[in-house]
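Trainee: I'll drop the sequence and a predicted model, then ask my questions.
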2 protein chains.
Amino acid sequence: MPSAVILLADGTEEMEFTITYDTLVRAGVACCSAYVPAPADEGSEKRQYATGSRGIRIMYDAVFDETQFLPTSYDALVIPGGAKGAETMSKNTAVQSLVREFLAKDKIVGMICAGSQAALTAKLARQPLTSHPSVKAELENDFDYSEDPVVISNGLVTSRGPGYFHFLLIQMRIMLTTGRIAGTAFPFALTLVELLCGADKRAEVRAPMVFPPNTPF
Amino acid sequence: MPSAVILLADGTEEMEFTITYDTLVRAGVACCSAYVPAPADEGSEKRQYATGSRGIRIMYDAVFDETQFLPTSYDALVIPGGAKGAETMSKNTAVQSLVREFLAKDKIVGMICAGSQAALTAKLARQPLTSHPSVKAELENDFDYSEDPVVISNGLVTSRGPGYFHFLLIQMRIMLTTGRIAGTAFPFALTLVELLCGADKRAEVRAPMVFPPNTPF
């Protein structure tokens, strides 16, 4: 069974976290949410929950620990957005190391929205990438910045934000005509499913989510 | 400030709950999640969290209490899907009464996915409605069943399921040409925003969610 660790912090965008976790579980991926405490918030890891960017309190499965969430144990590492949560994750040196280790071991690293800041703080090599527009200025000098809803660069999968969940027809036509995988947070999550579990599982998960007849993915 | 009570139970579809709550908070709607315990699960209200259909544990703001969540205090009542959660809510006689009271007071009742079963158990009059396809057979004899992604019938707003979050271009063209409001869970949530806070607020909330340039809503 493929497995994924999905980071969670105070200020994480709860839609991005939830859609990714939920869709991967539907695919049979064993998911573990790992709480990254903010440095100034000592003892917060005893609370058992993170407070999302819009106030939804989500209980985490574990506290983040760099010795536990290794690419030898997990197939994917996901960094959701939400300005404050993404800042906490991307400034965490253990998270930065783990991003590099997952990619070095040919595992998958997903970053959505402001989560893409971790590509910069982890000092990844110049490569194609996207993010929430609010952090584009920080990223465009060091990466081949793209406005595509989902960008895949070897193991690094990046996406833009919750509003892009709807970006389908136009981008999907690009995908169908160019062979590139595009989409956004639902397509982002389904892309992770396909990379982890194969195209058959993607189709199996997609069916009960009742996409309308004309949805082109 | 408009206010909404969003029900939560063990087995609630966590994407539907989260997208609705998050989007309404972005609009400045005061949201309260209220936990409905399953009848066979005595004492579960002491747990402080509900376990969603895909295992995400969400802490609730309050335990559901029919004397507290009245249409005199709240402007909207939302019933998310997820088979087990929707069953718990729709079989709860206090929820059934409250659905009728909100509608009688010209307040808004939103039902998504299997949540639409509550329209049947609350014995609402025949009217246009939609739901997740899996519960269509239970509803189509008593309601004017529609396959539209979002159906508005006076105060009753119904939608279909998580996969319909993507259903935009075609349905939105129908909306733009016929004046009917259509869409799905994001459009569903934005529709609730507009009904509660007006069109200006809908536009204000929509902007930072970064919908792509050609999104027709």
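Mentor: Alright, I've got the coordinates.
Trainee: For the rest of this, base every contact and every neighbour count on C-alpha atoms.
Mentor: Noted.
Trainee: Checking the nearest residue to residue A:102 once chain neighbours are set aside next. Helix, strand or coil?
Mentor: Residue nearest to residue A:102 in three dimensions, not counting chain neighbours: residue A:71, with 5.2 Å by CA to CA, 6 or more residues apart in numbering or on different chains. What DSSP: H, G, I helix; E, B strand; the rest coil gives for residue A:71 is coil.
Trainee: Next up, the contacts around residue A:71.
Mentor: A:98, A:101-102, A:105, A:107 (CA atoms under 8 Å, 6 or more residues apart in numbering or on different chains).
Trainee: Produce a ChimeraX select command limited to the buried residues of the residues you listed.
Mentor: Buried members of the contacts of residue A:71 can be picked out in ChimeraX with the line below, counting by 16 or more other CA atoms under 10 Å in any protein chain shown:
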select /A:98,101,102,107
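Trainee: Tabulate the contacts of residue A:71 in a markdown table, adding columns for pLDDT and secondary structure.
Mentor: Formatted as a markdown table, these follow (pLDDT from 0 to 100; DSSP: H, G, I helix; E, B strand; the rest coil):
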| residue | pLDDT | secondary structure |
| --- | --- | --- |
| A:98 | 96 | helix |
| A:101 | 96 | helix |
| A:102 | 95 | helix |
| A:105 | 94 | coil |
| A:107 | 90 | coil |
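Trainee: need the contacts of residue A:71 in a markdown table with distance to residue B:54, can you?
Mentor: Formatted as a markdown table, the contacts of residue A:71 follow (distance: CA to CA, whole Å):
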| residue | distance to residue B:54 |
| --- | --- |
| A:98 | 26 |
| A:101 | 28 |
| A:102 | 25 |
| A:105 | 29 |
| A:107 | 24 |
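Trainee: on that earlier part again, against residue B:158, how distant is the residue nearest to residue A:102?
Mentor: Distance, residue A:71 to residue B:158, using CA to CA, to the nearest Å: 43 Å.
Trainee: next one: residue A:130
Mentor: Computed as CA to CA, the residue A:130 to residue B:158 distance reads 34 Å.
Trainee: Please identify which of those two sits among more neighbours.
Mentor: residue B:158 (33 against 30; other CA atoms under 10 Å in any protein chain shown).
Trainee: So what sits opposite that one in the bridge?
Mentor: residue B:111, residue B:151 (DSSP bridges).
Trainee: Isn't it up against residue B:114?
Mentor: No. Assessed by CA atoms under 8 Å, residue B:158 is found out of contact with residue B:114, at 10.0 Å.
Trainee: got any residues that touch both of these two?
Mentor: Contacts common to residue B:158 and residue B:114, judged by CA under 8 Å, 6+ apart, are residue B:131.
Trainee: would you list every one of the helices in chain A?
Mentor: Here chain A has its helices, by DSSP state H, at A:14-26, A:83-90, A:93-104, A:117-121, A:136-139, A:169-178, A:185-197, A:199-206.
Trainee: For residue A:42, which of those helices is the nearest?
Mentor: Closest to residue A:42 of the helices of chain A is helix A:83-90 (CA to CA; 12.9 Å).
Trainee: looking at chain A, which helix or strand is least sure?
Mentor: helix A:169-178 (a mean of 34; mean pLDDT, DSSP states H and E).
Trainee: Flag the shaky bits of chain A, pLDDT-wise.
Mentor: In the predicted model, chain A carries pLDDT under 70 at residues A:162-189, A:191-192, A:195, A:207-217.
Trainee: at 80 what do you get?
Mentor: Scanning chain A for pLDDT under 80 picks out A:1, A:23-24, A:26-27, A:45, A:148-150, A:160-198, A:202-217.
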